[in-house]
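**Student:** Sequence plus predicted model, see below.
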Amino acid sequence: MLFGVLLNQVVKRGSLRVIDYSGAAKSYGDGTGRLITVHLRDRGPHFALAVNPYLKLGEAYMDGTLTVDEPHSIYDVLDLILSNLGTSYPGPAFKLYASLRRMKRRIDQHNPIGKAQKNVAHHYDLDGGIYDLFLDTDKQYSCAYYAHPGMTLEEAQLMKKRHIAAKLAIEPGMRVLDIGCGWGGLALTLAEETGAEVVGVTLSREQYKIAVARAQERGLADRVEFHLQDYRTLEPSFDRIVSVGMFEHVGVGYYDEYFNGVERLLTPEGVALIHTIGRLDPPGATNPWIAKYIFPGGYIPALSEMAASVEKTGLLMTDLEVLRLHYAETLREWRRRFMARRDEALKIYDERFCRMWEFYLAGSETSFRHEGMVNFQLQLTRKIDTLPITRDYMAETERGFGAIPQRRLLAGD
């Protein structure tokens, strides 16, 4: 079995057993840990899994031609494989394949105005009921901030918003732009807790409708406005700019345009905070399964790629924080919630979709645990003396927001 040759190269630690369509079984690893059993249900996946596992493993699971025996799940399979691989490749051929994908990434990430909206719609304009199954009550679809052990997802997402607000040093009456505002939760929180006037833009029609409704329901329509609009068409200027979970959709060929746009929209005394998934290793390419099924046109940047574009603008990089494992913990809770309500997801879509979504959440979590994926929070200004010269003001501002309001969290705010 050609796929077995690949597994022999990869699985050095742990215990994996693969049973093929004929019933023949083969074990891999050193026998430590719990035995995970995988079934290949027909002849088809064997060759495909061997030559293109980055795409075909997910497809085989979606199609049901690869299954995992209970009590384990596809998460356990991916966790075992990626804990062995880390940031390395199974062999020279796969390293060459990655290089070829990296060479064509500007084509794959072609995101001009118009196409960018289509790429966003592929993922964010799904039936909103899917997101209600696993997100927190504020519908934050990005990395939470687990400031203390034992925090709930709702608490950690509120802490994330406050952590960002503190870094932005927002004062009452300031005009704030939220690029890629999602369902509006961050914009609404900033308006409520800092007294700012916030403009949020999104390319998702579903997100836009919900964000507008939420602003009206919370009595904030006079201070928070949402637009179905590409940030590249906005007119200046804003005292603060924030972007959470949007930079991953920009595309490597548009980084210069993005940061030039931030500079253009920012006042001379302004501050911007870019929160994005990032990679700790050198520039790479988007996983082909993710690119095909989840985030077409998306890419997770290396810090060197972001910094190179910032340096070409008039922006100054004034603070950088690397959030390690916070997204892994966020994804673990998303996956737990989704699986607990999987039957509801099945009523909205179908079995193949549910398998796709489970693979997406499991694969993403294991990438943050083993493949060097993190979150960057990049603070930018146009002037060197805009903010205090130590980071103390961030912690002081964050403490000033006070305790997490449990009553509001339970009410769904």
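**Tutor:** Ah, there it is. Residues are numbered from 1 along each chain as shown.

**Student:** What is the neighbour count of the nearest residue to Leu6 once chain neighbours are set aside?
**Tutor:** The shortest distance from Leu6 to any non-neighbouring residue, by C-beta to C-beta, 6 or more residues apart in numbering, is to Ala50 (5.2 Å). C-beta: built from backbone N, CA, C; applies to glycine. Other residues near Ala50 come to 17 when the count uses other C-beta atoms under 10 Å.

**Student:** Could you number the chain from 26 rather than 1 from now on?
**Tutor:** Will do, 26 is the new start, and the previous item becomes Ala75.

**Student:** these two touch, right, Ala75 and Val30?
**Tutor:** Yes - Ala75 is within contact range of Val30, at 7.0 Å (criterion: C-beta atoms under 8 Å).

**Student:** packing partners for the helix or strand hosting the residue nearest to Leu31?
**Tutor:** Here Ala75 sits within helix 70-76, counting by DSSP states H and E. Contacts defined by 3 or more C-beta pairs under 8 Å, 6 or more residues apart in numbering; DSSP states H and E place helix 70-76 against helix 27-35, helix 78-88.

**Student:** Let me know the secondary structure of Asp203.
**Tutor:** strand (DSSP: H, G, I helix; E, B strand; the rest coil).

**Student:** show me what contacts it?
**Tutor:** Counting by C-beta atoms under 8 Å, 6 or more residues apart in numbering, Asp203 touches Leu211, Ala212, Leu215, Val223, Val224, Gly225, Val226, Val267, Ser268, Val269.

**Student:** Return the distance of the fifth one relative to Phe426.
**Tutor:** Meaning Val224. Val224 sits 22 Å away from Phe426, going by C-beta to C-beta, to the nearest Å.

**Student:** And Thr219, by the same measure?
**Tutor:** Distance from Thr219 to Phe426, by C-beta to C-beta: 9 Å.

**Student:** So between the two, which is more surrounded?
**Tutor:** Counted by other C-beta under 10 Å, Thr219 and Phe426 do not tie: Thr219 has more neighbours, with 23 against 18.

**Student:** That one against Ala190, yeah?
**Tutor:** Yes - look at Thr219 against Ala190 with C-beta under 8 Å: they come within range, at 5.9 Å.

**Student:** tell me which residues in stretch 303-322 are buried?
**Tutor:** 303-304, 308-316, 318-322 (16 or more other C-beta atoms under 10 Å).

**Student:** tell me which residues of the helix or strand where His252 lies are tucked away?
**Tutor:** Taking DSSP H and E as the definition, His252 sits inside strand 249-253. Using 16+ other C-beta under 10 Å as the test for burial, strand 249-253 gives Val249, Glu250, Phe251, His252.

**Student:** Select, out of the helices and strands packed on helix 70-76, the one closest to Leu202.
**Tutor:** Evaluated with C-beta to C-beta, the helices and strands packed on helix 70-76 place helix 78-88 nearest to Leu202, the distance being 35.8 Å.

**Student:** Can you read off the backbone torsions of Gln404?
**Tutor:** Here is the backbone geometry of Gln404 (degrees, to the nearest 10): phi -100, psi 130.

**Student:** picking that back up, contacts for the helix holding Ala75 next, please.
**Tutor:** So helix 70-76 is in contact with 26-28, 30-31, 45, 65, 81-82, 84-85, 90-91, going by C-beta under 8 Å, 6+ apart.

**Student:** what does stretch 276-288 give?
**Tutor:** Applying C-beta under 8 Å, 6+ apart, the contact partners of stretch 276-288 are 130-131, 134-136, 256-257, 266, 268, 272, 275, 297, 299, 308, 322-324, 326, 330-331, 333-335, 337-340, 405, 407.

**Student:** Of those, which belong to strands?
**Tutor:** Within the contacts of stretch 276-288, residues falling in strands by DSSP state E are Ile266, Ser268, Ala297, Ile299, Leu405.

**Student:** any idea of the pLDDT on the last one?
**Tutor:** Each residue has a pLDDT score; the one for Leu405 is 98.

**Student:** can you map out the strands along the stretch 76-225 of the chain?
**Tutor:** 91-93, 200-204, 222-227 (DSSP state E, counting those that start in this stretch).

**Student:** any idea of the mean pLDDT for the helix holding Ala75?
**Tutor:** 85.

**Student:** In it, which residues are buried?
**Tutor:** If you call a residue buried by 16+ other C-beta under 10 Å, then helix 70-76 has these buried ones: Pro70, His71, Ala73, Leu74, Ala75.

**Student:** Let me know the closest of the residues you listed to Glu421.
**Tutor:** The closest of those, once distances to Glu421 are taken by C-beta to C-beta, is Leu74, at 53.3 Å.

**Student:** and the chain, what are its domains?
**Tutor:** Using automatic domain parsing, the domain parsing of the chain gives 27-110, 133-436.

**Student:** Okay, and which of the buried residues of stretch 303-322 map to helices?
**Tutor:** Under the assignment DSSP state H, the buried residues of stretch 303-322 contribute Pro313, Trp314, Ile315, Ala316, Tyr318 to helices.

**Student:** Where does pLDDT dip in the stretch 76-225 of the chain?
**Tutor:** 116, 118-123, 125-150, 153 (pLDDT under 70).

**Student:** all helices for the stretch 26-175 of the chain, in order.
**Tutor:** Taking DSSP state H, counting those that start in this stretch, the helices of the stretch 26-175 of the chain run over residues 27-35, 70-76, 78-88, 99-110, 117-128, 130-133, 140-149, 153-157.

**Student:** Which one of the contacts of helix 70-76 is nearest to Ser389?
**Tutor:** Nearest to Ser389 among these: Leu82, at 14.1 Å, using C-beta to C-beta.

**Student:** Please name the nearest non-neighbouring residue to the closest one.
**Tutor:** Leu74 (6.2 Å).

**Student:** got a list of what the closest residue to Glu376 other than its chain neighbours touches?
**Tutor:** Spatial nearest neighbour of Glu376, chain neighbours left out: Gly89 (7.6 Å); criterion: C-beta to C-beta, 6+ apart. Applying C-beta under 8 Å, 6+ apart to Gly89 gives the contacts Arg66, Glu376, Arg377, Arg380.

**Student:** Counting by contacts, list what the longest helix anywhere in the chain packs against.
**Tutor:** If you go by DSSP H, the chain has its longest helix at helix 376-395. Applying 3+ C-beta pairs under 8 Å, 6+ apart, one finds that helix 376-395 makes contact with helix 78-88, helix 99-110, helix 313-318, helix 351-365, helix 367-373.
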